[in-house]
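> need coordinates for the below:
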Amino acid sequence: MEGFAFDCPSCGMRHNGLPAVVFDGPAVGLGPDGQPWPLNRNGEDFCVVDAQDFFVRAVLSIPILGTSETMEWGVWSSLSEANFKRYWDTFYDTNQAKLGPMFSFLGNQIVGYPNTLCLRSRLHPQNERKRPFVEFDPSQDHPLIHDQLHGITVGRAIELVMPVLHPEGNA
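Sure thing, here's the model as predicted:
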């Protein structure tokens, strides 16, 4: 987040901008052997779990009140196999928005919120090879959805990035 600076409540230093919080992959459950399902990654933007769950990397943005900035997470979002294939087949197309929104479930737990796994959403492909953005189904009653619709304060945004800025202090 350019043009935004704050004095860190943890280390006392001045930080310029807020980092995006990025997940390496979707959260997965345990398989029949008690071990996490293997993630089959194809590059940085595609993941298949156990040949039956299909995920793409996406951006979840929350407006920050009183600024033109957003709090951003690099999340994973599920797609049906058919939509995953459509997205995959057009990945290098500079006009990918023509696919239109696709039904999806959020594939990550966002720290600072109650359970966010499987929140219903629409994934919106973007043109010019930008990652798709996540728009939640507003009929769900959840604080993250409320925040996406109405925004968060600067203080709340700082609170949400503290585990990224200072992971050692968040054991």
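
> skipping adjacent residues, who's closest to residue 116 in space?
Of all residues not flanking residue 116 in the chain, residue 110 sits nearest, at 4.5 Å (CB to CB, 6 or more residues apart in numbering). For the C-beta atoms, the positions are set from N, CA and C on the backbone; glycine is no exception.

> shaky segments in the chain?
Scanning the chain for pLDDT under 70 picks out 1-3, 29-32, 34-38, 169-171.

> going by neighbour count, list what's buried in the helix ranked longest in the chain.
Secondary structure of the chain per DSSP state H: the longest helix is helix 154-165. For helix 154-165, the neighbour count (16 or more other CB atoms under 10 Å) marks 154, 157-158, 160-162, 165 as buried.

> ok, stretch 129-136 next?
Those would be 131-136, for stretch 129-136 by 16+ other CB under 10 Å.

> the residue positioned nearest the centre of the chain in helix, strand or coil?
Closest to where the C-alpha atoms of the chain average out (CA atoms, centre = their mean) is residue 75, at 2.5 Å. What DSSP: H, G, I helix; E, B strand; the rest coil gives for residue 75 is strand.
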